[in-house]
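In: whatever this is, show me its structure:
(one chain, ligands or ions: 1)
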Amino acid sequence: MKNVLEVEHLGLRLGSVQILHDLSFHLPQGATLAVIGPNGAGKTVLFRALIGALPHTGTVRWAPGTRFGYVPQKLDLERDLPLSGMDLLRARASLARLPLSGIPETLRRVGLGQEAAARPVGALSGGQFHLLLSALALLGDPSVLLLDEPTAGVDEPGQERLYDVVHRVQAEQGATVLLISHELNVVIGHATHVLCLSQRRAWFGTPREVITPATLDEVYGAHVRFHVHDDR
Ligand SMILES: Nc1ncnc2c1ncn2[C@@H]1O[C@H](COP(=O)(O)OP(=O)(O)OP(=O)(O)O)[C@@H](O)[C@H]1O
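Out: All right, here's what the predicted structure looks like:
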């Protein structure tokens, strides 16, 4: 299989609502796919289907041996859960049979301080919690990273550091990245491929092919003006 991911005729219904309709796309190894589209278009649902967490029709094929790192948009945890970020990282490392000695380096890479990681997870700020989720995803030496709005609530320098880490994982390990983002400038700056979902249909291609005034008009309405300039 030369692609890392092959999706054919993916369909997904939740209750009486058809969320994804006959979606097909392929992704080569090392690609960065940005998934864009308005609130409620089905981006998170797609990620959950791709990792096998939601039943669907059609097929999702990952290259053999794929190791996932998934950064969810949110995690429903009790605020007073008596666990620290470090406890979660240790649990993740032992489940993946990884040495605990890799944890400090992973924390350093995402920019989460050791003393923040030692606090109960409920005591972390929104941005710190997202950095912890990224550390959890990176710890397993993933070959595919799925990032669902990974920088939500993270300050500007923190966002840059996170994207730097992701780039390094890609450059050094040839990892493939799937990223949900509402920031079209991030998408245009980083993506090799774009999947744009709307309630009615989907577009897949290069940023230049997908991010056009006509598509943005159809998906978001006439007020969004952003397209890839010819010099890219
Ligand atoms: N467990 C569920 N049961 C029923 N409907 C659901 C469930 N999870 C999501 N949905 C619905 O599926 C649709 C797609 O949700 P999803 O979270 O994938 O949107 P999204 O594109 O990620 O949106 P956002 O940009 O706001 O994060 C929404 O209408 C949502 O209400």
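In: Glu160 - that's part of a strand, no?
Out: No: for Glu160, which was evaluated using DSSP: H, G, I helix; E, B strand; the rest coil, the result is helix, with no strand membership.
In: wait, Leu195 touches Phe25, no?
Out: Yes: taking CB atoms under 8 Å as the contact criterion, Leu195 and Phe25 are neighbours in contact, 6.1 Å apart. Yep, even glycine has a C-beta here, placed from its N, CA and C like the rest.
In: name the residue in these two with the higher neighbour count.
Out: More neighbours sit around Leu195 than around the other of Leu195 and Phe25, counting by other CB atoms under 10 Å; the figures are 23 against 17.
In: show me what contacts that one?
Out: Under the criterion of CB atoms under 8 Å, 6 or more residues apart in numbering, the contact partners of Leu195 comprise 25, 33-36, 202-204, 210.
In: please repeat the previous calculation with a cut-off of 7 Å.
Out: In this structure, Leu195 makes contact with 25, 33, 35, 202, 204, judged by CB atoms under 7 Å, 6 or more residues apart in numbering.
In: Val169 now?
Out: Val169 touches 138, 145, 175, counting by CB under 7 Å, 6+ apart.
In: any idea how far the ligand is from it?
Out: Computed with CB to the nearest ligand atom, to the nearest Å, the distance linking Val169 and the ligand is 23 Å.
In: thinking again about what came up before, can you list residues touching both of Leu195 and Phe25?
Out: Each of Phe204 lies in contact with both Leu195 and Phe25 under the rule CB under 7 Å, 6+ apart.
In: rewinding a little: min pLDDT across the contacts of Val169, which one?
Out: The pLDDT minimum for the contacts of Val169 sits at Leu138, where the score is 90.
In: nearest residue to it in space, please, no chain neighbours.
Out: Across the structure, with CB to CB, 6 or more residues apart in numbering as the measure, the residue nearest Leu138 apart from its sequence neighbours is Thr106 (5.5 Å).
In: quick check: the gap between the residue nearest to Gly111 when sequence neighbours are not counted and the ligand.
Out: Distances taken as CB to CB, 6+ apart place Arg161 nearest to Gly111, at 4.6 Å, with adjacent residues excluded. Between Arg161 and the ligand the computed distance is 23 Å (CB to the nearest ligand atom).
In: same deal with Ala93?
Out: Here the criterion is CB to the nearest ligand atom. By it, Ala93 lies 29 Å from the ligand.
In: kindly report the same for Pro82.
Out: The gap separating Pro82 from the ligand is 28 Å, by CB to the nearest ligand atom.
In: which residues touch that residue?
Out: Residues in contact with Pro82 (CB under 7 Å, 6+ apart) are Pro120.
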